[in-house]
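Student: no letters, just coordinates:
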């Protein structure tokens with residue numbers, strides 16, 4: 001998918017589209033004890049096997065086929081992988097990476113600095129979702145990549161990056177082999193990675209089943225408990241739940257909240273927070289509707305959302321919130337939930353202050369039918385004099401176009417364990433800000449969040465969260481959880497990558 005289209009699709013559309021088989025590898029024999037079957041709620045490879053075309057949510061799948069410079073472990077800590085480590089210059093504008101020398105790709109070629117540079121030099125390709133923050137204009141933009149020798153990569157940043165390992169972790173740091181980088185079209189049908197598994201094309205059916213076999217010479221192969229990993233695409237929520245309950249799948253992710261209780265009655269579940277559901281504000285400049293150029297209008301909408309009632313009636317177990325940062329994230333500030341708590345009278349005062357005492361109207365375009373959340377908020381906003389007209393798109397192009405023609409969108413966003421990176425790559429420097437709106441407070445606090453560590457970074461992140469909230473850049477309703485079900489008689493509990501909503505695939509092991 002295109003960078004911006006893939007991101008919008010994650011918000012507004014769930015579609016099963018075709019993917020293609022690739023090269024085989026490893027053993028083809030399978031048994032119940034050496035195979036783990038994972039059911040996914042969406043196709044992991046709809047446009048082929050270039051991992052940089054996809055967001056972090058697909059890293060559960062791609063971590064088996066590809067390695068990254070750094071990876072996030074189950075405790076949320078970033079660890080070296082293809083890079084053995086890094087050093088920074090005193091001003092944090094230059095990062096020097098040292099690479100492993102024992103890595104071979106599917107194409108038979110070795111890892112060296114040239115292939116890392118070739119990967120990072122693709123950052124200007126707007127199709128590559130993974131490169132949102134390091135691409136031109138991103139808050140973690142790379143200025144230049146040098147290769148003084150085969151094991152050394154020197155990255156020069158446009159702005160200070162005190163924690164470059166966070167920026168180059170998981171999907172953003174995934175390295176494609178030399179042949180795949182030179183000719184990305186080949187990745188449509190076959191991966192070119194250095195991961196422990198290879199795609200078995202004979203047992204792969206596009207958009208349905210992907211079979212991966214562990215290679216006999218897999219580096220660090222003992223870290224991966226199963227010889228075979230089978231991914232099944234099961235989009236229907238009830239069928240996904242039934243798969244793990246019946247034993248058709250050993251792991252099922254991501255479960256819809258409506259089926260969690262059912263899965264818990266028959267199987268195990270694990271969850272992670274950090275998914276914020278609400279309305280991204282596309283228009284902060286008033287280009288689609290002049291009212292949205294006024295922060296008071298955006299904050300009136302925020303104060304007009306009765307998040308506590310929505311959680312109580314529709315999402316028990318979730319948490320109402322008024323800020324983009326999740327409750328477990330560094331920078332979360334409980335006081336913001338009080339400052340912008342539900343208050344219809346205050347919302348009307350803000351509208352009047354902005355010149356909209358008689359209310360306002362706007363359209364919002366979605367895929368499919370409106371959710372109960374949207375209908376609840378629509379009613380609540382009507383009580384403060386705001387009419388939200390919900391339109392159903394007749395095509396995905398209509399949804400994509402809405403980011404430039406309408407003031408708001410709707411959907412879930414997983415901020416993960418690197419909130420500054422999420423803001424840099426999505427909220428401020430990515431598809432949530434197509435109009436390139438600027439905010440001095442966000443500029444200053446985002447730069448400080450990326451350019452500092454420790455207590456200074458915590459202070460900066462708290463300021464960044466406040467700047468986004470005070471400016472009404474996102475209108476949250478509640479913080480939700482990502483749920484995974486698992487067969488307790490077959491596998492141990494899977495682990496998420498810290499507060500990210502994807503699994504650490506190597507954490508899967510037979511139940512002891």
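Tutor: Structure's in. What do you need? Please read all numbers here as calculations on a predicted model, not as lab measurements.
Student: strands of the stretch 251-400 of the chain, start to end?
Tutor: 251-255, 268-280, 319-320, 360-366, 386-392 (DSSP state E, counting those that start in this stretch).
Student: looking at the ones you listed, which is closest to residue 61?
Tutor: Of all the strands of the stretch 251-400 of the chain, strand 251-255 sits nearest to residue 61, with 10.5 Å by C-beta to C-beta. For glycine as for every other residue, the C-beta is placed from the backbone atoms N, C-alpha and C.
Student: what strands flank the closest one, and is each parallel or antiparallel?
Tutor: Here strand 251-255 has these sheet partners by DSSP bridges: strand 35-40 (parallel), strand 474-486 (antiparallel).
Student: what's next to the shortest one, contact-wise?
Tutor: By that I understand strand 35-40. 60-61, 225-234, 240, 243-244, 248-253, 490-491, 508 (C-beta atoms under 8 Å, 6 or more residues apart in numbering).
Student: so how many other residues sit close to the spatially closest residue to residue 481 that is not a sequence neighbour?
Tutor: Of all residues not flanking residue 481 in the chain, residue 271 sits nearest, at 4.4 Å (C-beta to C-beta, 6 or more residues apart in numbering). The number of residues packed near residue 271 is 14, by other C-beta atoms under 10 Å.
Student: residue 271 and residue 325: what is the separation?
Tutor: Distance, residue 271 to residue 325, by C-beta to C-beta, to the nearest Å: 19 Å.
Student: cool, residue 405 as well?
Tutor: Distance, residue 405 to residue 325, by C-beta to C-beta: 29 Å.
Student: show me what contacts the nearest residue to residue 259 once chain neighbours are set aside?
Tutor: Spatial nearest neighbour of residue 259, excluding adjacent residues (C-beta to C-beta, 6+ apart): residue 241 at 3.8 Å. Going by C-beta under 8 Å, 6+ apart, residue 241 touches 252, 255-256, 259, 262-263, 485.
Student: point out where the stretch 1-150 of the chain drops to low pLDDT.
Tutor: Residues of the stretch 1-150 of the chain meeting the criterion pLDDT under 70: 1-32.
Student: what about this structure, any weak spots by pLDDT?
Tutor: For the chain, the stretches with pLDDT under 70 are 1-32.
Student: domains of it?
Tutor: 3-267+487-507, 274-481 (automatic domain parsing).
Student: compute the first-to-last residue distance for the shortest one.
Tutor: Using C-alpha to C-alpha, to the nearest Å, one end of domain 274-481 lies 7 Å from the other.
Student: re earlier: okay, the contacts of residue 241 in JSON lines with neighbour count and distance to residue 335 next?
Tutor: Formatted as JSON lines, the contacts of residue 241 follow (neighbours: other C-beta atoms under 10 Å; distance: C-beta to C-beta, whole Å):
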{"residue": "252", "neighbour count": "30", "distance to residue 335": "38"}
{"residue": "255", "neighbour count": "24", "distance to residue 335": "33"}
{"residue": "256", "neighbour count": "13", "distance to residue 335": "32"}
{"residue": "259", "neighbour count": "20", "distance to residue 335": "35"}
{"residue": "262", "neighbour count": "15", "distance to residue 335": "38"}
{"residue": "263", "neighbour count": "22", "distance to residue 335": "36"}
{"residue": "485", "neighbour count": "29", "distance to residue 335": "36"}
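Student: looking at the residues you listed, which is nearest residue 345?
Tutor: residue 256 (35.9 Å).
Student: what about the closest residue to that closest one other than its chain neighbours, distance to residue 393?
Tutor: Using C-beta to C-beta, 6+ apart and skipping the chain neighbours, the partner closest in space to residue 256 is residue 237 (4.0 Å). Separation of residue 237 from residue 393 (C-beta to C-beta): 21 Å.
Student: what segments of the stretch 251-400 of the chain are helices?
Tutor: Listed in chain order, the helices of the stretch 251-400 of the chain (DSSP state H, counting those that start in this stretch) span residues 257-266, 295-303, 307-314, 334-339, 344-353, 372-382, 396-405.
Student: out of these, deepest packed?
Tutor: Neighbour counts (mean count of other C-beta atoms under 10 Å) averaged over each of the helices of the stretch 251-400 of the chain peak at helix 295-303, with a mean of 24.
Student: how far does that one sit from the chain's center?
Tutor: When C-alpha coordinates are averaged (C-alpha atoms, centre = their mean, to the nearest Å), helix 295-303 and its chain have centres 26 Å apart.
Student: next: stretch 209-224.
Tutor: With C-alpha atoms, centre = their mean as the basis, the distance from the averaged C-alpha position of stretch 209-224 to the chain average is 25 Å.
Student: buried set for it?
Tutor: 210-215, 218, 224 (16 or more other C-beta atoms under 10 Å).
Student: take the contacts of strand 35-40 and keep only those in helices.
Tutor: 60-61, 240, 243-244 (DSSP state H).
Student: are any of those buried, and if so which?
Tutor: 60-61, 240, 243-244.
Student: pull the contacting residues for the nearest residue to residue 300 once chain neighbours are set aside.
Tutor: Using C-beta to C-beta, 6+ apart and skipping residues adjacent in sequence, the residue nearest residue 300 is residue 350, 3.8 Å away. By C-beta under 8 Å, 6+ apart, the residues touching residue 350 are 296-297, 299-300, 303.
Student: against residue 471, how distant is residue 350?
Tutor: Distance of residue 350 to residue 471, computed by C-beta to C-beta: 13 Å.
Student: same question, residue 248
Tutor: From residue 248 to residue 471 the distance is 47 Å (C-beta to C-beta).
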